[in-house]
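Undergrad: Next input, structure requested:
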Amino acid sequence: MPHSRPRLTVDLDALAENYRLVGDRLGGVPAGAAVKADAYGLGVEPVARRLWAEGCREFFVANVDEGVELRSVLPRAHINVFDGAVPGTEGALVAHDLVPIVISLDQLARWQATAARTGSPLPVGVHFDTGINRTGLGPRDTATLTAERTRLDGLELRHVLSHLASADEPTDQSERQLERFRTIRAAFPDGVASLANSAGIFRGAEYHFDLGRPGIALYGGTPGTVMDPAPAPVVTLEAPILQVRDVEDGDEVGYGATHVVDGPRVHAVVGVGYADGYHRSGSNRAEAAIGGRVVPVVGRVSMDLTILDVTDVAPEARTPGSMVELIGRHAPVDRLAEAAGTISYEVLTSLGSRYERIYSG
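TA: Residues are numbered from 1 along each chain as shown. Below is the predicted model of the structure:
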């Protein structure tokens, strides 16, 4: 039966396979899952439930609202908030048993005052900036906290954490960050030490410490070229062919006439565009697949429509209503990201709300 809507299938068995792959590489060190941004756009409730069933107990979200949502799904999980103790969120953090990963001495002082008001120790994580120069305690604040341990009084130090800036690139920045983090860990031996994101996990055991924090690797993306074996594809994005048309040599295609036909050719129009998160920057560069055969995107991706050259596809496979794979086993998310000049993280988190969502496994 022909499908009128594009559909997004999330393979939870593949998600579980990737969680086990990461666990194997960690060699006994547990993995805590990054499920921020609605589990990278795939749906935090089904994703988190499956990861919990696979044995994951530590989860990381971006902000308090995400933490509150996840708490309603996983009442017994350890949920950590990367934004830390943002002013005004202290009550929600306490009420929903969320652990702030504080990013400044001001946040730490605010959380310590909250603990004093509650009359009982509160868990906390501390994010130390080892070189990304984004959030976290920089060298001066790290030295202050090292010298003034009373700033942690009334708190249970749950996590000592940092974040790699270039783990997926062949630079020596990760090695410099590793050495800085080792020094910090020696100064703060309590709690769980965590440095490695997905790419960091695959750099080697010296980056693993007490906890890995995979994100994109769980969802089928490859951070750089450091993952071997590659993760299983989790997302399949398909859309129906709306129209098939013959075009002639010299015909101009799409907005701006950015593609000129070297014909005669056969084109198919599918009902997905940049309003669905299929990036316009992939125009004339991205690829899709029909029946396992890879076909190019031609012309500009528009708001609701994308044009494919299906000349080499069997006529019976390219009829209106036939489904085209835009992301999946034959059109990997990393290949689409490269064509669009971005990364798989952005592709996944951009996927819109117009898809029929299907969870398998």
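
Undergrad: only C-alpha atoms for contact and neighbour calcs from this point on.
TA: OK.

Undergrad: so how far is stretch 105-112 off the chain centroid?
TA: 29 Å (CA atoms, centre = their mean, to the nearest Å).

Undergrad: Over to stretch 114-134?
TA: Mean-position distance between stretch 114-134 and its chain equals 24 Å (CA atoms, centre = their mean).

Undergrad: can you give me the strands in the stretch 251-361 of the chain?
TA: 252-253, 259-260, 265-270, 287-290, 293-296, 306-309, 323-327, 356-360 (DSSP state E, counting those that start in this stretch).

Undergrad: for the ones you listed, which one sits closest to residue 63?
TA: Of all these, it is strand 356-360 that lies closest to residue 63, at 24.9 Å by CA to CA.

Undergrad: Show residues contacting that closest one.
TA: 5, 6, 7, 8, 9, 10, 11, 12, 13, 46 (CA atoms under 8 Å, 6 or more residues apart in numbering).

Undergrad: hang on, the earlier thing: select, out of the strands of the stretch 251-361 of the chain, the one closest to residue 200.
TA: strand 323-327 (25.5 Å).

Undergrad: tell me the SS of residue 60?
TA: Assigned by DSSP: H, G, I helix; E, B strand; the rest coil, the conformation of residue 60 is strand.

Undergrad: That one and residue 215: what is the separation?
TA: 9 Å (CA to CA, to the nearest Å).

Undergrad: any shared contact partners between the two?
TA: Common neighbours of residue 60 and residue 215, using CA under 8 Å, 6+ apart, are 33, 34, 35.

Undergrad: Next, count neighbours for the residue lying closest to the first one once chain neighbours are set aside.
TA: Nearest-residue entry for residue 33: residue 59, 4.9 Å, with adjacent residues in sequence omitted and distances by CA to CA, 6 or more residues apart in numbering. Residue 59 has 24 neighbouring residues, counting by other CA atoms under 10 Å.

Undergrad: do the same with the one 5 residues further on
TA: Here the number of neighbours of residue 64 (other CA under 10 Å) works out to 25.

Undergrad: ok, and the closest non-adjacent residue to it?
TA: residue 81 (6.4 Å).

Undergrad: who's that neighbour bridged to?
TA: Beta bridges link residue 81 to residue 61, residue 100, judged by DSSP bridges.

Undergrad: Which helix or strand contains residue 68?
TA: helix 64-73 (DSSP states H and E).

Undergrad: can you give me how far that helix is from the chain middle?
TA: That offset, for helix 64-73, works out to 17 Å (CA atoms, centre = their mean).

Undergrad: Report all helices and strands that the host helix or strand of residue 8 contacts.
TA: For residue 8, the host element (DSSP H and E) is strand 7-11. The contact analysis (3 or more CA pairs under 8 Å, 6 or more residues apart in numbering; DSSP states H and E) places strand 7-11 against strand 235-247, strand 356-360.

Undergrad: now the ones you listed as TSV including mean neighbour count?
TA: TSV is the format used below for those (neighbours: other CA atoms under 10 Å):
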stretch	mean neighbour count
strand 235-247	20
strand 356-360	13
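
Undergrad: quick one, what contacts residue 135?
TA: For residue 135, counting by CA under 8 Å, 6+ apart, the contacting residues are 103, 127, 129.

Undergrad: which residues does residue 139 contact?
TA: 129, 130.

Undergrad: picking up where we left off before, quick one: buried residues of the helix or strand following the strand holding residue 8?
TA: With elements assigned by DSSP H and E, the helix or strand that comes after strand 7-11 is helix 12-26. Of the residues in helix 12-26, 12, 14-23, 25-26 count as buried by neighbour count, 16 or more other CA atoms under 10 Å.
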